[in-house]
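> Sequence unavailable; structure follows:
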């Protein structure tokens, strides 16, 4: 398609709306306003230069058409693809010269040729022409002319617009200063509803920027400055498009070249900050690293493109090719960004869905604006006063509301996660404190055991040693007996120390290690006394992990039970069974010996086992009767 259609496809480059001085008249003509001494001596005629390269001299030789009703048809047909030459004459019947203001409609560049006898002078005006800062607002798009007393002056206008600037034309108006200002203020206040919409839009955008900045100060998340930059650039873009409608003429109306130099900044750079916002807001790297890399690559491309485009606009006088390339680039970036967001839909993330919906709504608003421009300007089948940029503004408003809502949703989710983390931390601290108390209790118990066992053992060794040393003469049998007692005491002490060291070693936490130690302890002793030893454990308990205290007490209960059975039961079989049931680890040591009738008759051994079972939080059941053996059932909570 032709270049101007690409301009329409680009969602940002629709024609701007400016304050225009309009009068409803049947067909283009020269209209005099409040200048009674000025007459139209030759009516308007025109010539269409479709090549856009003819000079004044060459056009002067061309035949001009007086069928002015076809001029508007030509403008609607060719739009910015032609130069429109308009010729007419004015006569001043007064004895004094008359100053007037010529307004030929809205064009980006207007050149007025004034033919006075053999002298030809030219002046320029239009949207892209730099204006003096002292020119009042109503005179911005007019050309001031002076008609000498009792003279006829011929005028020729060359009217043109670039591919991304609009055209507005119905007549050539010649105003007095009074009528010019009156028409300006009449048109200005006659468009109050549209102006109200634009002020409402800008107010909304500024309020969103203040909200985001306020949240940034409080929350200090990385996505906020990028979202703020995105809002600022979008707002500045629409502000420069509707500055005259709102009544803000500086700086873009007086320095229109700013829009030319800042074109890529206002059109391409918002995509950069949009991508940065989405990347940080959704934490894309944790969702999909490939999409993250693609976004980073696109961000680098946008940076390079914006810098290169701005430099070329400063260096090159003709930027038409740059404009066309910018249009294509922005449209491609838009589709690429939309594709990346859609690719994230498969992760079913709430925040991703909100961003996607907002982007689609903004895109739909821009597409509707594109269709309006196509139907109204390029095809000419739609007649409406609805500006093509307004639908884009509606989409931007909805998108901004959704994006701001998503920021609040993320803040809520983060606060919820923070509270959950704090609760988990509190629980962890409570568990750590309980573990610390438990470890302290275990340490005290180990210290007490070591003190009692080692102290009593060393005392016994000392007594026997002193007894042997105090006697001057001692027979061999008595010496053998006492040294045997010392050996037994030392051996017992070594066993107890081994049990304590084994119990506090974290490597032995698994149930498999406990079962092996039980078997290795009891089996050799039972074999040495010709007693049958059966050891049974269920498979589902081998991978259990017991705390140090439970492990130590369980083994000592087992050791005490087996030792008592070997020494006192006089039985032929000892059977040990371990299994898991109802949240407890069950251990049953049973023999077929002589048994006993009362637990109190068995001394402190059984009482010590009951105490150890209670220390684990469990319980111990002892069942015995004479000639029916003994059964010890220990239950340790898991």
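On my side now, so go ahead. For clarity, every value in this text was computed on a predicted model and none was experimentally measured.
> Quick check on the most centrally placed residue in the chain: phi, psi?
Closest residue to the average C-alpha location of the chain: residue 281 at 0.8 Å, with C-alpha atoms, centre = their mean. Main-chain dihedrals, residue 281, degrees, to the nearest 10: phi -70, psi -40.
> Check the spacing between the residue nearest to it when sequence neighbours are not counted and residue 593 real quick.
Once flanking residues are discounted, residue 281 sits nearest to residue 223: 4.1 Å by C-beta to C-beta, 6 or more residues apart in numbering. Bear in mind the C-beta positions are built from the backbone N, C-alpha and C, glycine included. According to C-beta to C-beta, to the nearest Å, residue 223 and residue 593 sit 78 Å apart.
> correct me, but the residue nearest to residue 281 touches residue 274?
No: at 10.8 Å, residue 223 and residue 274 do not qualify as touching, with contact defined as C-beta atoms under 8 Å.
> With adjacent residues omitted, what lies nearest to residue 519?
According to C-beta to C-beta, 6+ apart, the nearest residue to residue 519 is residue 535 (5.2 Å).
> That neighbour falls within a helix, correct?
No: counting by DSSP: H, G, I helix; E, B strand; the rest coil, one finds residue 535 to be strand, located in no helix.
> Any idea what it is bridged to?
Per DSSP bridges, the residues bridged to residue 535 are residue 576.
> pLDDT value on it, please?
Per-residue pLDDT puts residue 535 at 89.
> Name all residues that make contact with it.
Counting by C-beta atoms under 8 Å, 6 or more residues apart in numbering, residue 535 touches 515, 518-519, 522-523, 576.
> continuing past the longest strand anywhere in the chain, what's the next helix or strand?
Taking DSSP state E as the criterion, the chain has its longest strand at strand 38-49. Once the chain leaves strand 38-49, the next helix or strand it forms, by DSSP states H and E, is helix 56-60.
> Pull out the buried residues from that following helix.
Under the neighbour-count criterion of 16 or more other C-beta atoms under 10 Å, helix 56-60 has 59-60 buried.
> Check stretch 68-78 too.
68, 71, 74-75, 78.
> residues making contact with it?
27-29, 43-46, 48, 50, 65, 82, 84, 86, 167, 169-170, 377, 380.
> Please apply the same query to stretch 560-578.
Counting by C-beta under 8 Å, 6+ apart, 515, 518, 521-522, 525-526, 529, 531-538, 541, 558, 585-595, 602, 605-606, 608-609, 629-630, 632 sit against stretch 560-578.
> same thing but 6 Å
522, 525-526, 529, 531-537, 587-594, 605, 609, 632 (C-beta atoms under 6 Å, 6 or more residues apart in numbering).
> Flag the shaky bits of the stretch 451-600 of the chain, pLDDT-wise.
For the stretch 451-600 of the chain, the stretches flagged by pLDDT under 70 are 451-510, 597-600.
> residue boundaries of the helices in it?
For the stretch 451-600 of the chain, helices defined by DSSP state H, counting those that start in this stretch occupy the ranges 476-504, 511-528, 548-568.
> List the buried residues for stretch 299-306?
Within stretch 299-306, the residues that count as buried by 16+ other C-beta under 10 Å are 299, 301-302, 305-306.
> And stretch 210-223, by the same measure?
Of the residues in stretch 210-223, 212, 215-216, 221, 223 count as buried by neighbour count, 16+ other C-beta under 10 Å.
> Stretch 353-365 too?
For stretch 353-365, burial by neighbour count (16+ other C-beta under 10 Å) applies to 353-356, 358-363, 365.
> And for stretch 222-238?
By neighbour count on 16+ other C-beta under 10 Å, the buried set for stretch 222-238 is 223-238.
> Need the residues that contact that stretch.
Stretch 222-238 is contacted from outside by 205, 208-209, 212-213, 216, 266, 269-270, 273-274, 276-277, 280-281, using C-beta under 6 Å, 6+ apart.
> One more pass at 7 Å, please.
12, 201-202, 205, 208-209, 212-213, 215-216, 266, 269-270, 273-274, 276-277, 280-281, 393, 396, 403 (C-beta atoms under 7 Å, 6 or more residues apart in numbering).
> do stretch 339-355 as well
278, 281-282, 287-288, 291, 294-295, 356, 359, 402, 405-406, 409-410.
> Give me the mean pLDDT for that stretch.
Average pLDDT, stretch 339-355: 79.
> likewise stretch 611-625?
Mean predicted confidence for stretch 611-625 is 86.
> Work out the gap between it and the centre of the chain.
Relative to the centre of its chain, stretch 611-625 is centred 60 Å away, using C-alpha atoms, centre = their mean, to the nearest Å.
> Go through it and flag the buried ones.
Buried residues in stretch 611-625 (16+ other C-beta under 10 Å): 612-613, 615-616, 618, 620, 622, 624.
> Report the residue spans of the stretch 51-200 of the chain with pLDDT below the cut-off.
Using pLDDT under 70, the flagged stretches of the stretch 51-200 of the chain are 163-164.
> swap the cut-off to 90 and go again
Regions of the stretch 51-200 of the chain meeting the criterion pLDDT under 90 cover residues 52-53, 61, 66-81, 105-108, 116-141, 161-170, 183-200.
> Break down the stretch 251-400 of the chain into its helices, ranges please.
Using DSSP H, counting those that start in this stretch, helices in the stretch 251-400 of the chain cover 257-261, 263-267, 269-281, 284-287, 289-315, 320-343, 350-373, 388-470.
> Adding distance to residue 90, write those helices out as a markdown table.
Shown next, in a markdown table, are those (distance: least, C-beta to C-beta, whole Å):
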| stretch | distance to residue 90 |
| --- | --- |
| helix 257-261 | 32 |
| helix 263-267 | 38 |
| helix 269-281 | 47 |
| helix 284-287 | 65 |
| helix 289-315 | 39 |
| helix 320-343 | 34 |
| helix 350-373 | 36 |
| helix 388-470 | 36 |
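> ok, back up a step: could you pull up the residues touching the residue nearest to the centre of the chain?
For residue 281, the contacting residues are 223, 351, 410, by C-beta under 7 Å, 6+ apart.
> Tell me the pLDDT of it.
At residue 281, the pLDDT value in this model is 85.
> Would you check how far apart it and residue 237 are?
Remark: distance between residue 281 and residue 237 (C-beta to C-beta) = 22 Å.
> Next: residue 425.
47 Å.
> Please apply the same query to residue 409.
Using C-beta to C-beta, one gets 27 Å for the distance from residue 409 to residue 237.
> again with residue 326
Distance, residue 326 to residue 237, by C-beta to C-beta: 13 Å.
> next one: residue 398
17 Å.
> My guess is residue 45 contacts residue 87. True?
Yes: under the criterion of C-beta atoms under 7 Å, residue 45 makes contact with residue 87 at 5.1 Å.
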